[in-house]
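Everything below, folded, please.
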Amino acid sequence: MRARRARAAGPRTWALDIGASAIKTAVLDARGRPVAPAKRAATPRPSTPAAMLRVVMRLAAEEPAFDRVAVGFPGVVEHGVVRTAANLHHAWIGVDLARRLERLTGRPTRVANDADVQGLAVVAGKGVELVITLGTGIGSALFLEGRLVPNLELGHHPFLRGRTYEELLGDRALGQVGKATWNRRLRAAVEMLKQTTNCRCLYLGGGNARLVRKPLPHGVRTVNNIAGVLGCIKLWPAPRATRRVRRPKRR
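Okay, here's the model as predicted:
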């Protein structure tokens, strides 16, 4: 009976938000709701694929049963293969993360950029929307009418005096200049990004979004970092609505 009920409720997704500082996971039901408390583990140093996958599989052993896997990864990902990993070990370049996890878990797996995944959780699907994640590095995702523009890496684009958004707003810069200066830089970056993209809404997410000073300009808002996990469900197609068939009444 329990097995029948689980199948009827739809597949469970093991969602992973892989970051340069921490790896966060949760098992989500078919509607994207956590079925147990989220888990978190520090990203190992050095952050090689082997070391990080050991942590991932340790977390997997502690999770409820799941049917498929979805991952947000801090870099450009194409068809499950890592193309860039600026804030992780260089050995990640070229790793087919989707295939590795399929072999390790025995479950089908999909992988995408972590900012893209966070955006999938929060965008409204109206006009141009920009997502910026503030953490060890700076992630970005651009959406047009809810459709993702892939492989956008604004974090490595020059912003001020030849220095990039990541150099001026990443964790290292935050530690060097403090919250007040970091927030002033962020306000300047927000204005620049709004002018560059003419976005209807700009979302600030990631672990350091909690440090953003308010009030914010019109059309800018912060989002909870849990979106990096919850958005993973959007990497899989939404369950189809079932139509109830009316039976003819007996006479």
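
Please name the residues that touch L174.
182, 208, 211 (CB atoms under 8 Å, 6 or more residues apart in numbering). Backbone N, C-alpha and C define where each C-beta goes, glycine included.

among those, which ones are buried?
Neighbour-count burial (16 or more other CB atoms under 10 Å) applied to the contacts of L174 gives 182, 208.

so can I have TSV of the contacts of L174 showing distance to K234?
Output for the contacts of L174, formatted as TSV (distance: CB to CB, whole Å):
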residue	distance to K234
W182	30
N208	23
L211	27
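
so of the contacts of L174, which ones are in helices?
Using DSSP state H, the subset of the contacts of L174 located in helices is W182.

where does the protein dip in pLDDT?
In the predicted model, the chain carries pLDDT under 70 at residues 1-8, 240-251.

rerun that using 90 as the cut-off
Applying pLDDT under 90 to the chain flags residues 1-9, 151, 237-251.

so N208 touches D171, yeah?
Yes - A contact is recorded between N208 and D171 when judged using CB atoms under 8 Å, the distance being 7.2 Å.

Mutual contacts of these two, please.
Both N208 and D171 are in contact with G135, where contact means CB under 8 Å, 6+ apart.

Identify the residues contacting G146.
With contact taken as CB under 8 Å, 6+ apart, G146 is in contact with 123-126.

Make JSON lines out of these and add neighbour count and distance to I132.
Below are those laid out as JSON lines (neighbours: other CB atoms under 10 Å; distance: CB to CB, whole Å):
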{"residue": "V123", "neighbour count": "26", "distance to I132": "13"}
{"residue": "A124", "neighbour count": "12", "distance to I132": "16"}
{"residue": "G125", "neighbour count": "10", "distance to I132": "18"}
{"residue": "K126", "neighbour count": "12", "distance to I132": "18"}
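
Would you map the strands across this protein?
With strands called from DSSP state E, the chain shows them at 13-18, 22-28, 39-42, 68-73, 77-78, 81-82, 109-113, 128-134, 138-144, 147-149, 158-160, 163-164, 201-205, 220-222.

now for the second one, which elements pack on it?
Contacting strand 22-28 under the criterion 3 or more CB pairs under 8 Å, 6 or more residues apart in numbering; DSSP states H and E are the following elements: strand 13-18, strand 39-42, helix 49-61, helix 227-230.

One more: the last one?
Strand 220-222 sits against strand 201-205, with contacts defined as 3+ CB pairs under 8 Å, 6+ apart.

And the strand it packs on, what does it pack against?
In this structure, strand 201-205 makes packing contacts with helix 114-122, strand 128-134, helix 171-197, strand 220-222, judged by 3+ CB pairs under 8 Å, 6+ apart.

List of residues touching the shortest one?
Residues lying outside strand 220-222 but in contact with it, judged by CB under 8 Å, 6+ apart, are 190, 194, 201-205, 209-210, 212, 214, 216.

List buried residues within those.
Buried positions within the contacts of strand 220-222, assessed by neighbour count (16+ other CB under 10 Å), are 190, 194, 201-205, 209, 212.

Would you convert those into TSV that also reports distance to E167?
Converted to TSV, those look like this (distance: CB to CB, whole Å):
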residue	distance to E167
V190	17
K194	20
C201	26
L202	20
Y203	22
L204	18
G205	20
A209	19
V212	19
